[in-house]
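S.K.: heads up, no residue letters with this:
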Ligand SMILES: [Ca+2]
Ligand SMILES: [Ca+2]
């Protein structure tokens, strides 16, 4: 009985550190393209340095309006866009082989 509880605790601790490994090692890089003090482009990287997501504020109003998601080879898969900059994502673009579809 004691052995089982030690095993369960080990499992929980292991799962938590596994979770932490994949979440806390995500790196982010921000760039202020128009140099107004607010970042307009953000790159999110996975623990293994592949690109996970790019967030862009195209009209420089401080709110991101384009989110591109990348697969584990850093190839774009799909994109959400707020093309009228109302703060709601209204455009979905799928990528195939790294190219926009439609
Ligand atoms: Ca800016
Ligand atoms: Ca914006």
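M.R.: Yes, it's here. Since this is a predicted model, take the numbers as computed values, not measurements. Numbers count the residues shown, from 1 in each chain. Ligands and ions are numbered 1, 2, ... in the order given.

S.K.: What segments of the chain are strands?
M.R.: Remark: strands assigned in the chain by DSSP state E are 27-31, 41-45, 51-56, 66-70, 76-81, 91-96, 99-100.

S.K.: need the residues of this structure near ligand 1, please.
M.R.: Residues of the chain lying close to ligand 1 by Cβ under 5 Å from the ion are 32, 34, 36, 38, 40. Just so you know, the C-beta spots here come from the backbone N, C-alpha and C atoms, and that holds for glycine as well.

S.K.: Residue 45 against residue 54, yeah?
M.R.: No: Residue 45 lies out of contact with residue 54 (Cβ atoms under 8 Å); the separation is 10.3 Å.

S.K.: Provide the count of other residues in contact range of residue 40.
M.R.: Neighbourhood size, residue 40 [other Cβ atoms under 10 Å]: 20.

S.K.: do the same with the one 3 residues further on
M.R.: Other residues within reach of residue 43, judged by other Cβ under 10 Å, total 15.

S.K.: Grab the nearest non-local neighbour of it.
M.R.: residue 29 (4.5 Å; Cβ to Cβ, 6 or more residues apart in numbering).

S.K.: low pLDDT regions in this structure?
M.R.: 1, 16-25, 102 (pLDDT under 70).

S.K.: who in it is up against ligand 2?
M.R.: The chain comes close to ligand 2 at residues 57, 59, 61, 63, 65, as judged by Cβ under 5 Å from the ion.
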